[in-house]
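**Student:** With the sequence up front, the predicted model follows.
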Amino acid sequence: MPPVFAHGRLRLYLLKLLDEAPRHGYEVIRLLEERFQGLYAPSAGTVYPRLAKLEAEGLVTHATEGGRKVYSITDAGRAELAGRSGELADLELEIRESVSELAAEIRDDVRGAAGDLRREMRAAASASATPDPGPSDDAWAAAKEELRRARQEWKEQARRAKDESRRAREEAQQARRQAKEAQDKAREEVQRIAGQLQEQFARSGLSDITDKLGAWLGGTGPAEPAAEARKTGSAWAADLAPTGDPARDLDRLLDRFRDDVRDAARDHGVTTSQVEEARHRLSAAAADLTSALRTRG
């Protein structure tokens with residue numbers, strides 16, 4: 001029989017069960033048996049060591065109630081579960097496929113047993129030249145009843161496996177949709193913050209900060225080309241074309257800012273008092289831009 005859980009998958013599924021509700025170890029084993037429609041149940045020697053390992057990693061914790069340990073997922077465990085939502089969707093599908101494979105094996109066993117029974121009955125009938133009507137009728141009746149029960153059990157297991165497989169596909173599709181929605185929301189949030197930051201650059205005059213610091217370190221007023229650029233509305237670092245990735249665009253702008261100030265200090269030199277003045281000016285600029293990044297409006 002193929003393994004029910006691939007390597008590391010049972011660990012992930014235990015986190016899912018504890019995310020649904022706090023549970024004690026026996027309840028976890030019972031729930032796993034229910035998810036497999038009674039076709040598989042892990043032993044205590046499989047479940048409890050994994051719960052202990054998850055607790056040692058800080059992913060679950062436990063409280064003692066009525067002399068039993070009740071395990072609960074921690075924030076760290078929820079974070080890992082959220083980060084592996086795609087794996088969890090695949091795992092749900094794998095579990096349903098395992099149920100189908102187990103049901104298929106049972107079905108084959110039932111068919112084999114029924115075939116063996118029929119062959120034995122035929123051999124018994126052939127070996128008896130003068131069969132006793134009473135016992136023969138009883139034996140055939142018992143055989144038919146056994147076969148009927150076997151067929152009924154196989155049909156029920158096949159039906160449950162089919163239902164589980166259908167539900168697994170639906171849950172996997174829902175999990176993938178949720179994961180995609182979360183990714184889309186995160187991407188939109190990054191783009192929104194980057195847009196606000198770009199607007200803040202324009203409002204607060206980041207080019208003014210760069211030009212003033214550079215000119216001040218050189219001992220002169222703001223450069224005339226920079227002042228002219230502000231009058232005409234030209235953006236600072238306009239040669240940095242957008243890449244389509246707001247986070248990368250922000251890194252490039254900050255790199256340009258750093259390079260401009262370093263070039264001014266290298267070309268004109270810098271004194272201790274100028275460094276202290278630069279500290280105050282950069283602190284104000286950092287507070288202004290950090291506030292823009294944190295804005296959620």
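**Tutor:** Cool, the structure landed.
**Student:** if you average pLDDT over the helix or strand encompassing residue 119, what comes out?
**Tutor:** Assessed by DSSP states H and E, residue 119 sits inside helix 85-127. Here helix 85-127 scores 70 as its mean pLDDT.
**Student:** Check stretch 284-297 too.
**Tutor:** Averaging pLDDT along stretch 284-297 gives 78.
**Student:** Now do the buried residues in that stretch.
**Tutor:** 285, 289, 292 (16 or more other C-beta atoms under 10 Å). Quick note: C-beta positions are derived from backbone N, CA and C, even for glycine.
**Student:** now do stretch 247-256
**Tutor:** 249, 250, 253, 256.
**Student:** Mind exporting the C-alpha coordinates of stretch 83-96 to PDB?
**Tutor:** C-alpha atoms of stretch 83-96 as PDB (Å, rounded to 0.1, in the frame of the first residue of the first chain):
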ATOM      1  CA  GLY A  83       2.900  30.500   4.200                       C
ATOM      2  CA  ARG A  84       2.200  26.900   3.000                       C
ATOM      3  CA  SER A  85      -1.400  27.400   1.900                       C
ATOM      4  CA  GLY A  86      -0.600  26.000  -1.600                       C
ATOM      5  CA  GLU A  87       1.000  22.900  -0.100                       C
ATOM      6  CA  LEU A  88      -2.000  22.400   2.100                       C
ATOM      7  CA  ALA A  89      -4.400  22.500  -0.900                       C
ATOM      8  CA  ASP A  90      -2.200  19.900  -2.600                       C
ATOM      9  CA  LEU A  91      -2.200  17.800   0.600                       C
ATOM     10  CA  GLU A  92      -6.000  17.800   0.800                       C
ATOM     11  CA  LEU A  93      -6.100  16.500  -2.700                       C
ATOM     12  CA  GLU A  94      -3.500  13.800  -1.900                       C
ATOM     13  CA  ILE A  95      -5.500  12.700   1.100                       C
ATOM     14  CA  ARG A  96      -8.600  12.100  -1.100                       C
END
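**Student:** and it, which residues are buried?
**Tutor:** So, applying 16+ other C-beta under 10 Å, buried residues of stretch 83-96: 84, 85, 88, 89, 90, 91, 92, 93, 94, 95, 96.
**Student:** ok, now stretch 268-276?
**Tutor:** 270, 274.
**Student:** Between which two of the buried residues of stretch 83-96 is the distance greatest?
**Tutor:** In the buried residues of stretch 83-96, two members sit farther apart than any others by C-beta to C-beta. They are 84 and 96, at 18.4 Å.
**Student:** one step back: mind listing which of the buried residues of stretch 247-256 are in helices?
**Tutor:** 249, 250, 253, 256 (DSSP state H).
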